[in-house]
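Peer 1: Sharing a model that was predicted from the sequence below.
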Amino acid sequence: MGINVLIVDDSAVVREILTQVLGAARDIKVLAAVPDPIFAMQRMKMHWPDVIVLDIEMPRMDGLTFLRRIMAERPTPVVICSSLTEKGADITMDALSAGAVSIVTKPTINLKAFLQDIGNDLVQEVRAAASAKMGAMRPGSNSTHVPAPKLTADAMLGAPSGKAMFRTTDKLIALGTSTGGTQALEFLLPKLPTNCPAVVVVQHMPEQFTRAFAERLNRISAVEVLEAKNGDRLMPGLVLIAPGGRHLLVKRSGAQYIAEVKDGPLVSRHRPSVDVLFRSVAISAGSNALGVIMTGMGDDGARGMREMHDAGARTLAQDEKSCVVFGMPKEAIAHGGVDEVVSLTQIGQTLASQRS
């Protein structure tokens, strides 16, 4: 069976291009492309879609109001198609918190060429959304049409040497997540005490959005949450979110952990990549680290988690029942790098129990 998609965007150009891009995929059928939520609700009475691609700023009813109405009436996977603006980022964070599963960005200029270039990304986001479990526990890039070669973390740093990392009292928590991860992190981070170990996070998210996301998490958490900058010192009670479009690594400098934020190629088809972060933590922290891989599509993080495991770190994977998409944890389990498979609630309890 194909994936039935409804496009809701007030721009006729966007509707036309998205219809062409999605309609070219064999497994996707565009039911309709409408200019606002009022028209959308009329069409949905006739045929409810599997996935909705939704703009945020529209006439008559804004996308956020429409999204909340859908989630209250009949939870349905929604991919937000949002502009790359500061205002758009803040509203999009509200949409993700309200239940949207992912974001596709669009610029304010050169729109047609941009949307054609990210066609493959959009198709993958719609497929991921279609596989999302909307009943799962909820707390609240440069790709082209031809997929880029799938690089490993070797493209950013060498593999762990296999030498045992000495134990210290300096603990570190590394989290990796994708589709559904924004809601999961909103559930987890407010549970962390201010004396918890430093936390580094890769959440697959476009540029311009990670800063707004970090600010949102900071407002609801006792710990300090920031978008990572190169050279940041990792300290107890601090959570660093990898910036969209750049890799986040951890290096050891004497008795301290330091964040490295680097440009580089897509790794496991992502930037930032969980594999890159986890490998750097395996090298720099070894058995002093706790690694957690959570909801998301694909296999980013699976190899890196195995490297953390082999370096002596404790490793956790979110269970299928509480995942929106079980892809990333499933692949990490298959690679043999997971010590325990636990629910999102249990992950929260484990993180809250950690002390620096």
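Peer 2: That came in fine, so what should we check first? Residues are numbered from 1 along each chain as shown.

Peer 1: Please make it C-alpha for all contacts and neighbour counts, starting now.
Peer 2: OK.

Peer 1: ok, now how distant is residue 23 from residue 17?
Peer 2: To residue 17, residue 23 is 10 Å away according to CA to CA, to the nearest Å.

Peer 1: Residue 262 now?
Peer 2: Residue 262 is 33 Å from residue 17, by CA to CA.

Peer 1: looking at this, residue 170 is in a strand?
Peer 2: No - assigned with DSSP: H, G, I helix; E, B strand; the rest coil, residue 170 falls outside any strand and is coil.

Peer 1: Spatially nearest residue to it (excluding sequence neighbours)?
Peer 2: Excluding the flanking residues, the one nearest residue 170 by CA to CA, 6 or more residues apart in numbering is residue 356, at 6.4 Å.

Peer 1: Run a quick neighbour tally on that neighbour.
Peer 2: Residues contacting residue 356 under the criterion other CA atoms under 10 Å number 14.

Peer 1: One more: residue 61?
Peer 2: Counted by other CA under 10 Å, the residues lying close to residue 61 total 13.

Peer 1: And residue 276, which helix or strand is it part of?
Peer 2: helix 274-284 (DSSP states H and E).

Peer 1: Ranking helices and strands of the protein by mean pLDDT, which lands last?
Peer 2: Least confident helix or strand, the chain: helix 111-117 with a mean of 68, by mean pLDDT, DSSP states H and E.

Peer 1: For the helix holding residue 276, which outside residues touch it?
Peer 2: By CA atoms under 8 Å, 6 or more residues apart in numbering, the list of residues contacting helix 274-284 from outside reads 152-153, 156-157, 159-161, 165, 174, 176-177, 202, 247-252, 257, 267-268, 289, 291, 300-305, 307-309, 311, 313.

Peer 1: Just the buried ones from those, in ChimeraX syntax?
Peer 2: Filtering these down to the buried ones (16 or more other CA atoms under 10 Å) takes a single ChimeraX command:
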select :152,153,156,160,165,174,176,177,202,247,248,249,250,251,252,257,267,268,289,291,300,301,302,303,304,305,307,308,309,311,313
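
Peer 1: Sort out for me which of the contacts of helix 274-284 are in helices.
Peer 2: Among the contacts of helix 274-284, DSSP state H puts 302, 303, 304, 305, 307, 308, 309 in helices.

Peer 1: Okay, now the unreliable bits of this structure?
Peer 2: Within the chain, the segments meeting pLDDT under 70 span 1, 84-88, 107-109, 111-112, 114-116, 135-152, 154-158, 161-169.

Peer 1: As a check, name the ranges of all helices in it.
Peer 2: 12-23, 37-46, 63-73, 86-98, 111-117, 119-130, 181-188, 210-220, 274-284, 302-310, 327-334, 344-353.

Peer 1: Identify the residues contacting the second one?
Peer 2: If I follow you right, that is helix 37-46. Residues outside helix 37-46 that contact it (CA under 8 Å, 6+ apart): 6, 8, 32, 34, 60, 61, 62, 63, 66.

Peer 1: go on, stretch 61-73?
Peer 2: Stretch 61-73 has contacts (CA under 8 Å, 6+ apart) with 36-38, 54-57, 76, 78, 91, 94-95, 98-100.

Peer 1: Now list the buried members of the residues you listed.
Peer 2: Among those, those buried by neighbour count (16+ other CA under 10 Å) are 36-37, 54-57, 76, 78, 91, 94-95, 98-100.

Peer 1: Using TSV, lay out the residues you listed together with distance to residue 324.
Peer 2: Listed next are those as TSV, based on distance: CA to CA, whole Å:
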residue	distance to residue 324
36	27
37	25
54	19
55	22
56	22
57	26
76	12
78	12
91	22
94	18
95	16
98	14
99	11
100	11
